[in-house]
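> next one to model:
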Amino acid sequence: MSDFQPFVPAGERRPEFTWRALLLGAFFGIVFGAVTVYVGLRAGLTVAASIPIAVLSISILRAFGRSSILENNIVQTTGNAGQSIASGVIFTLPALVFLGFDLEYTRIFCLALIGGWLGVLFMIPLRRQLIVQEHGTLAYPEGTACADVLVAGEKGGSLASRVFLGLGLGSLYTLFQNENIFKAWPGTPEWQPDFGPAHIMKGASIKAEATPEYLGVGYIIGAKVAGTIFAGGVLSWLVIMPLIYFFGKTISGPVYPGTIPIAQMGPSELWATYIRPMGAGAVAAAGLITLLRTLPTIVNALTAGMKNLRGSEVSKGKPSRTEDDLTMRTVVIGSVLLVVFTFLFLQFKPVPGAYVGVVPNILASLLIVFFGFLFVTVSSRIVGLIGSSANPMSGMAIATLMATCAVFLVRGWTAPAFGALAITIGGTVAIAAANAGDTSQDLKTGFLIGATPRLQQIALMIGVVVSTVAIGFTLNLMNTGLQHFDAASRAWNINAPHSGVMIQQDVRTLPNEFPVKSENGTTTVHHKSEYVVLNAVGSPELADGKYLYSPASRRIEVQWVQGIGSEKAAAPQARLMATVISGILSRKLPWGLVMMGVFLVLGVELLGVRSLSFAVGAYLSIGTTLAIFCGGVVRWIVDQAVKRAGGDATDSEVSPGALYASGLIAAGGIVGLLGVALKGYETATDKGDILNFPATNFLNHDWISVLAFVLLAYSLYYFARKPLKK
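Now for the predicted structure:
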C-alpha cells in the first residue's frame, strides 16, 4: 500500500540495531524460550511473548538513557524468537523419548537451529506480498498489538510496572509453593472420592497444581477456552476413569495396555495407562479436523505465495530503508547450506541406535526443505488472518509425519530407527512453521512502526541461535530433573525373546547413584553398576518406558520414569506425534483406546464445539486443567465487573490483567525452572534436601494450599481491575 505512512518515516534515521538492543533481546530470548519449554511441556499450550518483551524493553532501556522505538522493536524481535522456536521444539522432539530414544542436547540445538533459520529465510521472499501489499487484508493481530504497545511507550506512560508486579508476587508465591524448593504447603492439593462399600467414584481424582503460570495462562486464554479445556479433564478424570475402575476391578489379570490389574491402580496409573492413548487419539483427530478446516486458507496461501514468487519484480536501485530486505541470493545460498548441513548432521550424528544410511538421510533432508517451504508459506498467511494462537501447527506436523511415514512404509523402512528419522523431519518442519508465523508478526510490527526489515531479519537469526542454546538445556533439564525411580519388582528372563523390549547399550543418562521409592514410601539409594537398562516400546508385557534389570536377582527391580511424559510434564502434542509414527510404522497401538478418542472428538465437533482445546484437556492431568480453569474464571469475573461498570469487556493483550498475568507466567516458569535445576542437582549429588525449609504441620494441609491459591487469584482480579498509570 503506497499511501501507508509508518510511525517512523522511511527517510528518518533513529538508533535501531544497537548492541544494547541485541543483548537485551538475547537475554529475553533465553528467558522466554526456557519459560515456554517449562510451561508448554506442563500445560500443553504456549502464550505469545512479544508484548511482554516489548513492555519490559521500553521500561529497561528507558532506565539506561533515551531509547528509540526502533531499538525496542529489535529487542522484542530478537527475544520473541525464543518463544516461537521453543513452541516448535516441545510439540515434536520430545516424541523421541516416547519412541524409546534419549534426548541429546546437540540434536535439539542443531534441529532447532536448522528449523528456526529455515523459517526466517523462507519468510523473506514472502514479506513484501504478505506484509506490505496485503496490509489491508492480513491483520496480523499480535504484530499490530505489539506495534500499538511500542507506539504507546514512545509517547510516554509505563506499562511494565504491572508485569514486574506479577513477576514479583508470583515469584514469592512459587518459592513457597514449589515442591522442589521450600514446599511450605502442598503444591498439588488432591481429593480422591471413594463413597461407601461399593467404592462409588473410586478411580477419580480432583486436584489442582496451584501454580501462578497456570493461573496466568487461564486468564490470558479466557473463560471459554479454559472451560473447554477443563471439560475435557472432567470427562477423563471424573467420568471415564471411574468407569474403567468400576468395570475392571473384578478382572483378576491386567487389561491391555495395562501390566497390572485395574483394582491395583490409582488415578495416576489409570491416567497413564488408559487415558493417555485415548487422549492422543483425540488430539490427533482434533488436529486433523483443524487442518481440514483451514484447508481453503492453506490452498489460498500457497496459490498467492507461488504467484508472488513468479511475478515478483526485481527492484532497480537501492530500496528505501523500510523496504530493505536480505537479498534472494542470501536466501538461496543460506537454504542450500542448511540442506547440506542437515544431511551431514543426520549422516554423521544419527540418533544413538538409529542409523539409517545415506539414501534415507538424503530423502529426509529434501523432505525437510519441501515441507518446510510448504508450511512456512501456509503458517505466514494463516497467522495474518487468525493470529498465532490459532495457527494449526500440530496439524501441519501431523500432515508432515503422515506423509513421511507413508513414504517410509512404501519403501519398507519400518524399523524403530526410521521412527526417529520421521520425528526429526516433522520436528524441524514444525519449528520452521512456528518461527515463520512469529517472524511474520514481528515483520508486521516493524512495517507499522517503520523498522528496517533487513535488520529485523538479522536480529531474528541471532535470536534463533541464542535462544536455541537455552531451549535444549531446559528440555534436558526437565527430563532429568523430573525423572524418578520406582520399585517395580517382577521376574524376568533376560535371555528369552521379548517383543518390544530391548537392552539399551548407551546408559550415559542414568545417574551413577539414584534414589528408588518403594510402595510404602521409603527411599533407598541404588547404583548404576547393579543394573542392565531395558527399553520397552509397544511391548505386551511391559508398559512403555525404561526398566532396570538386576542380573543378581534375575528380576526387573526398578522402573525408570522419565520426566517428560510424566504428570508433571505430560507433553501431549509430542505424545501425539509418537502415536502417529507408531501407528503407521510399527502398527503397535492400543487402537481401541485411540479410536475412542477419535470418536469422542467427532461427538464434540457435532455439538458445535471446537475440539482441539477439549482434546488437549482430555489428555492432560486434571491438576493442570483445573488450575487453568481457575484463571479463566477470574477473567470471567473481571469481564462481568467491567460490563457492570459500562466498559468494554474485551480484555486486550495490553490490559492491566493481561500484563499482570504475563508476569505470573514468567514468575512460575523462571522459579519453577530453578526448582527443577535444584532437584536435578540434589539427585545427581545425592545430597538430599539442600534448603531443608522447616515446614510446619500447620502449613502442611491441602486447605492451606487452596487458601494461598485463592489469595493469588484475588491479586490477579484486583490488579486486573486497577487501571494502569498514565
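> only C-alpha atoms for contact and neighbour calcs from this point on.
Will do.
> am I right that residue 488 is in a helix?
No - according to DSSP: H, G, I helix; E, B strand; the rest coil, residue 488 belongs to no helix; its state is strand.
> in the stretch 51-200 of the chain, which spans are strands?
190-191 (DSSP state E, counting those that start in this stretch).
> what about it, any weak spots by pLDDT?
155-159 (pLDDT under 70).
> could I get the full set of helices for it?
69-90, 95-98, 105-123, 127, 141-155, 160-177 (DSSP state H, counting those that start in this stretch).
> what's the angle from the third one to helix 69-90?
The one in question is helix 105-123. Counting by axes from the mean of the first three to the mean of the last three Cα atoms, to 10 degrees, helix 105-123 lies at 130 degrees to helix 69-90.
> so how far is the helix or strand following helix 105-123 from its chain's centroid?
Under the assignment DSSP states H and E, the closest C-terminal helix or strand after helix 105-123 is helix 127. Computed by Cα atoms, centre = their mean, to the nearest Å, the chain-centroid distance of helix 127 equals 27 Å.
> next one: stretch 224-235
Using Cα atoms, centre = their mean, the offset of stretch 224-235 from its chain centre is 18 Å.
> ok, stretch 223-241 next?
On Cα atoms, centre = their mean, the centre of stretch 223-241 falls 20 Å from that of its chain.
> how about it: buried residues?
With burial defined by 16 or more other Cα atoms under 10 Å, the residues of stretch 223-241 counted as buried are 223, 225-234, 236-238, 240-241.
> check stretch 576-588 too.
576-585, 588.
> returning to what we had before: closest one to residue 501 among the helices of the stretch 51-200 of the chain?
helix 95-98 (13.6 Å; Cα to Cα).
> just the buried residues of stretch 576-588: which are in helices?
576-581 (DSSP state H).
> quickly name whichever of these is closest to residue 615.
residue 576 (11.1 Å).
> tell me the spatial nearest neighbour of that closest one, not counting adjacent residues.
Take residue 576 and drop its neighbours on the chain: the residue closest to it by Cα to Cα, 6 or more residues apart in numbering is residue 280, 4.9 Å away.
> pLDDT score for the one you found?
Residue 280 carries a pLDDT score of 80 in this model.
> can you check the one 10 residues further on too?
You'll see residue 290 listed with a pLDDT of 71.
> what do you get for residue 48?
73.
> that one: neighbour count?
For residue 48, the count of nearby residues is 19 (other Cα atoms under 10 Å).
> one more: the one 10 residues further on?
Residues lying near residue 58 (other Cα under 10 Å) number 29.
> could you measure from it over to residue 81?
18 Å (Cα to Cα, to the nearest Å).
> just residue 464 next, same as before
Residue 464 is 6 Å from residue 81, by Cα to Cα.
> which one's more surrounded, those two?
More crowded of residue 464 and residue 81, by other Cα under 10 Å: residue 81, with 38 against 32.
> I'd assumed residue 437 was in contact with that one.
No - the pair residue 81 / residue 437 is not scored as a contact, 10.5 Å apart, by Cα atoms under 8 Å.
> tell me the one among the buried residues of stretch 576-588 nearest to residue 640.
Looking across the buried residues of stretch 576-588 and measuring by Cα to Cα, the closest to residue 640 is residue 576, at 37.1 Å.
> dump the residue contacts of that closest one.
280-281, 283-284 (Cα atoms under 8 Å, 6 or more residues apart in numbering).
> and residue 212, how far is that from residue 56?
Taken as Cα to Cα, the span from residue 212 to residue 56 is 19 Å.
> tell me which of these two has more neighbours.
residue 212 (34 against 22).
> looking at it, that one is touching residue 672, isn't it?
No - the criterion here is Cα under 8 Å, and residue 212 misses it with residue 672 at 10.0 Å.
> tell me the residues that contact both of the two, please.
residue 174.
> could you dump the contacts of residue 576 to JSON lines with secondary structure and distance to residue 190?
Below are these laid out as JSON lines (DSSP: H, G, I helix; E, B strand; the rest coil; distance: Cα to Cα, whole Å):
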{"residue": "280", "secondary structure": "helix", "distance to residue 190": "25"}
{"residue": "281", "secondary structure": "helix", "distance to residue 190": "27"}
{"residue": "283", "secondary structure": "helix", "distance to residue 190": "26"}
{"residue": "284", "secondary structure": "helix", "distance to residue 190": "29"}
